[in-house]
Structure formats: C-alpha cells, structure tokens
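**Q** Here is a sequence with its predicted model. Questions after.
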Amino acid sequence: MTTCKKVLVVDDEQDIVEILSYNLSKHNLQVRQAYSGKECIAVAKQFHPDLIVMDIRMPEVNGIEACRILKHDDDLKNIPILFLTADTDMYTAMSAMTAGGNHYVTKPIPIATLTDIIKKMIEDGTTEIPRKVA
C-alpha cells in the first residue's frame, strides 16, 4: 500500500488555490491550502508536505521570503518548492531560485500541464521537471 503524497498549495487568490487543490486531489494527492507566505510556513510545519506549490506576490510574507525561511528550517529545508506566479520578470525568477526554489512556472499554464509536472516531480521523488509532459 502506497502512502498518499502531500502537496501544499499557497496563493493569495482563492480561485487559484481551489482549482489547483481540486485537480490535485483527483490524482490521489492529499492537499492543504494556505493564502500567504506566513500561513504557508505554519501549515508546512504541521503538514510536512512532499511538495509546495507557491505564488510569489502575497501579503504578509511573500513567496520568496517564505521559501528562504523554509530552507533555513532543518525539518522543512528538503521540501521541493515549485513557484507558480504571474511574474515573468527574470530578476524575480532568479531571486526565487536563489532563495531555494526548485522550479519557476508562469501563469497562465494549462491546469493539466501543471498537474502533470507536479505529479511527475512527486512520483519520481525528484525536483527535475520532465522534458516532455503529455
């Protein structure tokens, strides 16, 4: 019997969180939600997800700062972080990756494509994005 893998979805836009959570749960993934970087850190400490999908621009603590905090926590530092953001600025992408992010994907992205990337990352136990998703 395989253990249900866990994903934490973090975005200040409730619609995005709900759509992504719904689609991931259809793939036998246990999903928790957070709506800010601050809430992400608290939920991650309790939930210990296998992957965090996180926006960058959020209230209280943004995604990049939340990533830095998570990567400095011995219990959470190995959790892969997939940034999902509308921010296409190269400097922001570099900052996200320097903070410890594993991948940076820009919105909009077809939900099926994003779900496939997330599933592949979790199933392989790797942080590598597959070269071809389909």
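**A** Okay, I see it. Small disclaimer: the values here were computed from a predicted structure and weren't measured. Residues are numbered from 1 along each chain as shown.
**Q** element containing the residue nearest the centre of the chain?
**A** For the chain, the residue sitting closest to the mean C-alpha position, by CA atoms, centre = their mean, is residue 53 at 1.2 Å. Assigned by DSSP states H and E, residue 53 falls within strand 51-54.
**Q** Show me which residues of the biggest helix by length in the chain are buried.
**A** Taking DSSP state H as the assignment, the helix of the chain that covers the most residues is helix 111-124. Within helix 111-124, the residues that qualify as buried are 114, 115, 116, 117, 118, 119, 121, 122, counting by 16 or more other CB atoms under 10 Å. C-betas here are computed from N, CA, C, even on glycine.
**Q** which SS class is residue 8?
**A** State at residue 8, reduced to three classes by DSSP: H, G, I helix; E, B strand; the rest coil: strand.
**Q** Test my guess that it contacts residue 46.
**A** No. Because the distance of 10.0 Å does not satisfy CB atoms under 8 Å, residue 8 is recorded as not touching residue 46.
**Q** neighbour count winner among those two?
**A** Looking at residue 8 and residue 46 with other CB atoms under 10 Å, you find the greater number of neighbours at residue 8, namely 25 against 9.
**Q** Identify the spatial nearest neighbour of that one, chain neighbours not counted.
**A** Nearest in space to residue 8, with sequence neighbours left out and distances taken as CB to CB, 6 or more residues apart in numbering, is residue 49 at 4.1 Å.
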